[in-house]
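Peer 1: what's the 3D shape of this:
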Amino acid sequence: MPDIRLFGIRHHGPGSARSLKAALDAFTPDCLLIEGPPDTDALIPLSLHEAMAPPVALLVYRPDRPRDCAFFPFAAFSPEWVAMQHGIAAGATVRFIDLPHAIQLADGFGESEAPPEAAPIDAEPIAEASSEAGPTPAKAAIRRDPLGELAALAGYPDGERWWDALVESRAGADGDVFAAIAEAMGALREGAEPDPDEAFREEAREAHMRSAIRRAAKEGFERIAVVCGAWHVPALMRHDAKGQATADAATLKNLPKTKVAAAWAPWSYERLAFASGYRAGVLSPEWYDTLWHHEGRVAARWLARAAALLRENDLDASPASVIEAARLAEALAGFRGRSRPSLDDLDEAAQATLCFADPAPMGLIRRKLVIGERLGATPPDSPGTPVEADFEAQCRRLRLKPAAAAGEIILDLRKETDLARSHFLNRLKLIGIPWGERREARGRGTFKEGWFLSWQPEWVVELVAASAEGGTIAEAAAGRVRSRAREATRVAELSGLIGTLLDADLPGATAEVIQALNDRAAVSADVFDLMEALPPLAELARYGSVRSSDTEPVLAVVRGLVPRAAAGLVAACQSLDDDAAAAAKARIVAVSGAVALIEEPELKAVWGEALRALADQEHVHGRIVGRAVRLLFDERAIAAGEAGERLRLALSRASGAGPAAAWIEGFLEDSGAVLIHGRELLAVVDDWLCGLDADLFTELLPLVRRTFATLAPAERRAVGEALARPGGAAPGEAEALHGFDAPRAAKVLPILRLLLGPEPAKSADETTGDAR
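Peer 2: Just a heads-up that it's a prediction; the model follows:
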């Protein structure tokens, strides 16, 4: 009979890993069975590759639906990683024994409950368990983190600190630590209630692990070590119970399957942290890394790193402060009955002696030295998809390195490499990888582009998923945009895609999207949708050449959209309520700005005629009509006299208070600067007010005050000062009305000569010309 030993561990715990390493060294198994996805067994040997640097993760995904996937992260201090390294180095057979993800990712798995014969021995049928109201919070918490529950009962903040205190301190004591953990887990399982949503999945997983143990025993291995989460140990101990093999076979019978693929992927300590949402995460990955690699001198090393980090950020941290912090940490550990300082002790010591109770530098230490920003690496020849290979090649060519640490770069689009970097980052955004976030570039010129780069390791899933749409980043991005274009229901959505495609330099897809936009616009009855599409396209047509992009197709689209929008403008603005009118007014202003930006007389004339037709409407919301008149006035399409007459008619008694208020609001909205510096508009409003009789002035005063209340106080004050100057002149113009003061101007001439230097001598030709 083979010697089978079960080692219940805590995922990602250095205490668990150290205890497991000692146990495996003593046991010397010839077969190691580890809780993990069997779909990745072929990738286990790569864990010893010299280029493999934890943290890393095994990725299992469906090739037909790559986003249906699962990650299995490992750090250097993860017990499963330690077991893999030990087994491969010792020449033992190493296998994963969890339920394959070819089953777990299959359609239909877990949708129905297990049949009655699949219920575990000596347990209630799952159907009965799922008919209850559900597990109580306390009993559900036991299932989520059993070691955490034991730690809470013992007065410890988390399971790893409880394990470190009780397990590591007993390292030299007699007795089997893992046997004690198995006994504790058995007691916890008796008091826990199954989660109805996960009951069958968990039973199927444990059934498969028991089957894998029995299969290894039949293959003739003599010393079999099983490494699994501590929670599963009591269930796996029943692998040789009478009738268990039959029950497990019934549980696993007829389960659905699908095709899956697997790969190693880089991971990060930030994603390994519990705060990231990872259920099996730990509180302090970087601290655990220090514990694992520097067990004997962890306090001194951690405090020295904290001091170095503070100095890197121009904060004072002397060697004397480090010595004082180490002494304080040792003293705190002694007061609390610990053999060595814990993270809590070091945290308090650093806060008192290095940070002087300032939370800001302490936050930096916790982010860098407690959670950490370490990013793992995988061998370049490890299995991957074509898009992943292209991504790595592009990163090397453009000298961009995915890293957990964030940073800002400024690109000069006149340089070939920087332009290619911009194209690359924009293509990645199209396939769902926002590695770079656009920022406003410092300095002058539209040729500069700012990016803030921050890599997340789980984006490898998006790289895998992109392989379904092409073999390179460019092909995948173009394919993704084509899919979005087919799904788009509005012209404005398609116009936004065109801008993104130009930024990403995907001319083939751009032409297809432009054609789709033209086809959609030709049959669209939504005028406002056409109007929303125009401003971004006009900006692209005007400024897109900074990227060396061909903007002529975009300009052709604009030339087609403006007449369509103009033709339906009046009809679209009929019978709008206040909110809809405000939105329509904003679109009209935006399109007017777009037409002005293009600077084509034909388009300007077409849009001007549409605005004039809108200004003549009596049954359109006053806010829209008032803004149409104002836009015509600003473009000199109507004279000041006509604008004043329209203002007078719109605010007459016959119009009513509501429409009059909306009209003047549309006419004067966002006009503070124009009223201050433009004499024409202020004169129109002033002449109209001065021409009112006393009764009408009193009646309309609340409407006018309401409109002017939208101006900033400084703008209202400046308007009043302009009206107080002769003729309502703008600032600096009042003095000009009195004529040129020659004696006063002569006083500054000597100073100007000193500043500008002597007058240059005249040439012979100039002298002759003066004589003539």
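
Peer 1: Okay, strands next: where are they in the protein?
Peer 2: Using DSSP state E, the strands found in the chain span residues 3-9, 31-34, 56-62, 65-74, 93-96, 223-229, 261-266, 407-412, 436-439, 448-453.

Peer 1: Turn those into JSON lines, columns for distance to residue 535 and mean neighbour count.
Peer 2: To be clear about C-beta, it is placed using only N, CA and C from the backbone, and glycine gets the same treatment. Shown next, in JSON lines, are these (distance: least, C-beta to C-beta, whole Å; neighbours: other C-beta atoms under 10 Å):
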{"stretch": "strand 3-9", "distance to residue 535": "59", "mean neighbour count": "22"}
{"stretch": "strand 31-34", "distance to residue 535": "58", "mean neighbour count": "25"}
{"stretch": "strand 56-62", "distance to residue 535": "40", "mean neighbour count": "24"}
{"stretch": "strand 65-74", "distance to residue 535": "34", "mean neighbour count": "19"}
{"stretch": "strand 93-96", "distance to residue 535": "55", "mean neighbour count": "20"}
{"stretch": "strand 223-229", "distance to residue 535": "56", "mean neighbour count": "24"}
{"stretch": "strand 261-266", "distance to residue 535": "41", "mean neighbour count": "22"}
{"stretch": "strand 407-412", "distance to residue 535": "25", "mean neighbour count": "14"}
{"stretch": "strand 436-439", "distance to residue 535": "18", "mean neighbour count": "16"}
{"stretch": "strand 448-453", "distance to residue 535": "20", "mean neighbour count": "18"}
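
Peer 1: To residue 513, which of the ones you listed lies closest?
Peer 2: strand 436-439 (20.6 Å; C-beta to C-beta).

Peer 1: Okay, now the sheet partners of that closest one, with direction.
Peer 2: strand 448-453 (antiparallel) (DSSP bridges).

Peer 1: hang on, the earlier thing: would you convert the strands of the chain into CSV that also reports distance to residue 330 and mean pLDDT?
Peer 2: Compiled in CSV, the strands of the chain are given as follows (distance: least, C-beta to C-beta, whole Å; pLDDT from 0 to 100):
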stretch, distance to residue 330, mean pLDDT
strand 3-9, 30, 92
strand 31-34, 38, 96
strand 56-62, 35, 87
strand 65-74, 33, 83
strand 93-96, 41, 96
strand 223-229, 34, 94
strand 261-266, 37, 87
strand 407-412, 38, 87
strand 436-439, 44, 87
strand 448-453, 41, 88
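
Peer 1: Can you redo these as JSON lines, where the extra columns are distance to residue 348?
Peer 2: Shown next, in JSON lines, are those (distance: least, C-beta to C-beta, whole Å):
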{"stretch": "strand 3-9", "distance to residue 348": "30"}
{"stretch": "strand 31-34", "distance to residue 348": "38"}
{"stretch": "strand 56-62", "distance to residue 348": "33"}
{"stretch": "strand 65-74", "distance to residue 348": "30"}
{"stretch": "strand 93-96", "distance to residue 348": "41"}
{"stretch": "strand 223-229", "distance to residue 348": "32"}
{"stretch": "strand 261-266", "distance to residue 348": "34"}
{"stretch": "strand 407-412", "distance to residue 348": "32"}
{"stretch": "strand 436-439", "distance to residue 348": "37"}
{"stretch": "strand 448-453", "distance to residue 348": "34"}
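
Peer 1: right, and the ones you listed - which one's nearest residue 533?
Peer 2: Closest to residue 533 of the strands of the chain, according to C-beta to C-beta: strand 436-439, at 21.1 Å.

Peer 1: Figure out how far the closest one is from the centre of its chain.
Peer 2: 11 Å (C-alpha atoms, centre = their mean, to the nearest Å).

Peer 1: Name the residues that touch that strand?
Peer 2: 408, 425, 428-429, 449-454 (C-beta atoms under 8 Å, 6 or more residues apart in numbering).

Peer 1: from memory residue 540 sits against residue 503, does it?
Peer 2: No: using C-beta atoms under 8 Å, residue 540 is not in contact with residue 503, being 9.3 Å away.

Peer 1: Neighbour count for the two, which is higher?
Peer 2: A direct count of neighbours by other C-beta atoms under 10 Å for residue 540 and residue 503 places residue 540 higher, at 24 against 21.

Peer 1: how close does the residue nearest in space to the middle of the chain get to residue 177?
Peer 2: Centroid-nearest residue in the chain, with C-alpha atoms, centre = their mean: residue 434, separated by 6.5 Å. Shown here: residue 434 relative to residue 177, a distance of 45 Å by C-beta to C-beta, to the nearest Å.

Peer 1: before we move on, the earlier item: between the contacts of strand 436-439, which sits nearest residue 578?
Peer 2: For the contacts of strand 436-439, the nearest to residue 578 is residue 429 (37.3 Å; C-beta to C-beta).

Peer 1: Quick check, pLDDT for the nearest residue in space to residue 474 that is not next to it in sequence.
Peer 2: Nearest residue to residue 474, sequence neighbours excluded (C-beta to C-beta, 6 or more residues apart in numbering): residue 427, at 5.9 Å. On pLDDT, residue 427 comes in at 93.

Peer 1: Hmm, residue 470 and residue 427 touching each other?
Peer 2: No: in this structure, residue 427 is not within contact of residue 470 by C-beta under 8 Å, at 10.5 Å.
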